[in-house]
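S.K.: What follows is a predicted protein model with its sequence.
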2 protein chains.
Amino acid sequence: MTTHLRQSAPAQARQRYRDGLVAPTSGWAAGFTQANLVALPQEWAFDMLLFGQRNPRPVPLLDVTDAGATGTVLAPGADLRSDLPRYRVWRDGELVDEPPDVTALWRDDLVTFLIGCSFSFETALLDAGVPVRNIEQGRNVSMYRTNVDCRPAGRLSGPLVVSMRPVPAAQVVTAVQVTGRMPQVHGAPVHVGAPEALGIADLSTPDYGDPVDVQEGDVPVFWACGVTPQAALMASRPPFAITHAPGHMLVTDVPDSVYRQP
Amino acid sequence: MTTHLRQSAPAQARQRYRDGLVAPTSGWAAGFTQANLVALPQEWAFDMLLFGQRNPRPVPLLDVTDAGATGTVLAPGADLRSDLPRYRVWRDGELVDEPPDVTALWRDDLVTFLIGCSFSFETALLDAGVPVRNIEQGRNVSMYRTNVDCRPAGRLSGPLVVSMRPVPAAQVVTAVQVTGRMPQVHGAPVHVGAPEALGIADLSTPDYGDPVDVQEGDVPVFWACGVTPQAALMASRPPFAITHAPGHMLVTDVPDSVYRQP
């Protein structure tokens, strides 16, 4: 373990996952940006890049690699095939496996998209005194498919997926302002209150993640979510794709503060 | 001309250009965003989209069309083949023509990139009391190729091109703050003072546009420039491309205020 003493916290976390640890990345290397991962064959890469360009709230692209590359400028030295704790493998839009390493599945034509994650703004909310109920309750954030369609791009289309955080009514404005200054990690909420207007019938049965208790005086606040591309993969059925498993992100070397606007 | 009375100012301007007027768009439909245009065959579109993703300061993408499309969400009703006052046609990286209409040259495989333009922030600078010398002097802004390389994307690479505006020393901070709030139209300056550090030997001989007089007490301030993609086309030589002619932009229906952050 002595070699770890010379490594930064993000490099240490990636080393642990590379060595076989499978665990959600929440709370690891606090203060450093974590990223969603989507890898697609070059033949589908234009559609995915355009999907991100047209839907920047759910799909804020932090980096896009060259075809076949296994590294990223966001985390020099990282190997994208092994340094996340868990992956998802998709064939024809169906989830077929959730392995801890995808080195054996990697292809020279894969283009990797690294997408901002709301973990970055949760830190900023806490810094501003806004409670984050999912953290308080030790649960994954609640996520929902909505009745809002993303803007299609070529063969890719699908619904907007949102994350929901209950915010005390008096602090909704602060939550909007704080996250609005971080557009590369989903930015300001897309919706405040009235889940039925997004087609969400019951907050207690999220489509992804865990139910999170809404306390007396809390208002449900909805942010665009990085699971949106996975919903588009399911709807659009490219022949092959690799993504991170929800909550099992790429830990980058980029401080969260880089994505906070003054 | 009575039909024009029912048209918005941007639609009126586009109608004039469609009817044959050839003139720079500066000052037309004030308060509405103007955009740089680059149209490339689908086979090069991924590289261009990635070039924009990797170089957001010089290439802030406001919209990217589907292949063959002749319209844009930025200006419903506009025809991208005829509604700019003047175009440039490129073959193998060489400028071969500057026609006022490209309908006859259009191809079903062209993907069009619409890129933010610094005209939007010039209005914001004036609103903040910062003089804009090129407007005062009735000249096109000065633009320079620099010794800074853009981050390459596939087959596309090239130098960063900057525009320069002389700003009174006491107002440089205001200029940084005002334009920093408009990242989709090039955002904050990339460099203040010291043109030699960018490889610019002589401010009075710009590579594009007109020389602009620097007054006593002015500091040269440099912003990333939307001509950068044209420099990449010249360096990277795709077989075919259409762009706007410098200063002859697409006038959109989008108010400049949309691109100002609070």
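M.R.: Received the coordinates, thanks.
S.K.: Next to chain B in this structure, residues from the stretch 51-200 of chain A, please.
M.R.: Residues of the stretch 51-200 of chain A found near chain B (Cβ under 8 Å from any Cβ of the partner chain) are A:Gly52, A:Gln53, A:Arg54, A:Leu61, A:Val64, A:Asp66, A:Gly154, A:Gly180. C-beta: built from backbone N, CA, C; applies to glycine.
S.K.: Adding neighbour count, secondary structure and pLDDT as columns, could you present these in CSV?
M.R.: Below are those laid out as CSV (neighbours: other Cβ atoms under 10 Å in any protein chain shown; DSSP: H, G, I helix; E, B strand; the rest coil; pLDDT from 0 to 100):
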residue, neighbour count, secondary structure, pLDDT
A:Gly52, 23, helix, 96
A:Gln53, 20, helix, 95
A:Arg54, 17, helix, 95
A:Leu61, 22, strand, 95
A:Val64, 23, strand, 96
A:Asp66, 13, coil, 94
A:Gly154, 16, coil, 94
A:Gly180, 15, helix, 93
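S.K.: Need the max-distance pair from the residues you listed.
M.R.: A:Asp66 and A:Gly180 (32.6 Å; Cβ to Cβ).
S.K.: Quick check on the residue of chain A at minimum distance from chain B: phi, psi?
M.R.: Nearest residue of chain A to chain B, counting by Cβ to the nearest Cβ: A:Phe46, 4.2 Å away. Backbone torsions for A:Phe46, taken as degrees, to the nearest 10, come to phi -60, psi -40.
S.K.: now swap in the one 3 residues further on and tell me
M.R.: Dihedral angles of A:Leu49 (phi, psi; degrees, to the nearest 10) stand at phi -60, psi -40.
S.K.: which residues does it contact?
M.R.: A:Leu61, A:Val64, A:Phe113, B:Phe46, B:Leu49, B:Leu50, B:Gln53 (Cβ atoms under 8 Å, 6 or more residues apart in numbering or on different chains).
S.K.: 10 Å instead, please
M.R.: A:40, A:59, A:61, A:64, A:111, A:113, A:153-154, A:156, B:45-46, B:49-50, B:52-53, B:64 (Cβ atoms under 10 Å, 6 or more residues apart in numbering or on different chains).
S.K.: Of the residues you listed, just say which sits nearest to B:Ala241.
M.R.: The nearest one, if we look at the contacts of A:Leu49 relative to B:Ala241 and count by Cβ to Cβ, is B:Ala45, at 11.0 Å.
S.K.: Enumerate every residue touching the closest one.
M.R.: A:Phe46, A:Leu49, A:Leu50, B:Ala39, B:Val64, B:Thr65, B:Ala67, B:Asp109, B:Leu110, B:Val111, B:Thr112, B:Phe113.
S.K.: and if you look at A:Asp127?
M.R.: Counted by Cβ under 10 Å, 6+ apart, A:Asp127 has contacts A:Val178, A:Asp256, A:Arg260.
S.K.: From the residues you listed, which land in helices?
M.R.: Under the assignment DSSP state H, these contribute A:Val178 to helices.
S.K.: With neighbour count, pLDDT and distance to A:Gln184 as added columns, please give the contacts of A:Asp127 in CSV.
M.R.: Formatted as CSV, those follow (neighbours: other Cβ atoms under 10 Å in any protein chain shown; pLDDT from 0 to 100; distance: Cβ to Cβ, whole Å):
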residue, neighbour count, pLDDT, distance to A:Gln184
A:Val178, 20, 94, 14
A:Asp256, 21, 90, 10
A:Arg260, 17, 84, 9
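S.K.: Just the terminal-to-terminal distance for stretch A:61-72.
M.R.: Using Cα to Cα, to the nearest Å, one end of stretch A:61-72 lies 12 Å from the other.
S.K.: of all the contacts of B:Ala45, which comes closest to B:Leu95?
M.R.: B:Ala39 (14.5 Å).
S.K.: Now name the helix or strand holding the closest one.
M.R.: Assigned by DSSP states H and E, B:Ala39 belongs to strand B:32-41.
S.K.: Show me chain A divided up by domain.
M.R.: Domain assignment for chain A by automatic domain parsing gives A:2-17+A:33-116+A:236-256, A:119-228.
S.K.: And the last one, how far out from the chain middle?
M.R.: When you say that, I think you mean domain A:119-228. With Cα atoms, centre = their mean, to the nearest Å as the basis, domain A:119-228 stands 12 Å off its chain's centre.
S.K.: got the contact list for A:Cys117?
M.R.: A:25-26, A:33-36, A:60, A:62, A:185-186, A:225-226, A:244, A:247, A:249-250, A:252.
S.K.: Could you give me the buried positions within stretch A:213-227?
M.R.: A:Val214, A:Asp218, A:Val219, A:Pro220, A:Val221, A:Phe222, A:Trp223, A:Ala224, A:Cys225, A:Gly226, A:Val227 (16 or more other Cβ atoms under 10 Å in any protein chain shown).
S.K.: swap in stretch A:244-257?
M.R.: For stretch A:244-257, using 16+ other Cβ under 10 Å, the buried residues are A:His244, A:Ala245, A:Pro246, A:Gly247, A:His248, A:Met249, A:Leu250, A:Val251, A:Thr252, A:Asp253, A:Val254, A:Asp256.
S.K.: same thing with stretch A:68-85?
M.R.: Those would be A:70-72, A:74-75, A:78-85, for stretch A:68-85 by 16+ other Cβ under 10 Å.
S.K.: Then stretch A:154-162?
M.R.: Neighbour-count burial for stretch A:154-162 [16+ other Cβ under 10 Å]: A:Gly154, A:Leu156, A:Ser157, A:Gly158, A:Pro159, A:Leu160, A:Val161, A:Val162.
S.K.: quick one: low-confidence ranges for chain A?
M.R.: A:1-6, A:262 (pLDDT under 70).
S.K.: repeat that with 50
M.R.: A:1-4 (pLDDT under 50).
S.K.: all helices of it, in order?
M.R.: Under DSSP H, chain A gives helices at A:9-18, A:42-54, A:119-127, A:133-136, A:172-180, A:228-236.
S.K.: Pipe those helices into CSV and attach distance to A:Asp149 per row.
M.R.: Converted to CSV, these look like this (distance: least, Cβ to Cβ, whole Å):
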stretch, distance to A:Asp149
helix A:9-18, 35
helix A:42-54, 11
helix A:119-127, 24
helix A:133-136, 26
helix A:172-180, 23
helix A:228-236, 10
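S.K.: To B:Val172, which of those lies closest?
M.R.: helix A:172-180 (26.5 Å).
S.K.: That closest one versus helix A:119-127: what angle between them?
M.R.: With axes from the mean of the first three to the mean of the last three Cα atoms, to 10 degrees applied, the angle from helix A:172-180 to helix A:119-127 works out at 140 degrees.
S.K.: Perfect, I'm done here.
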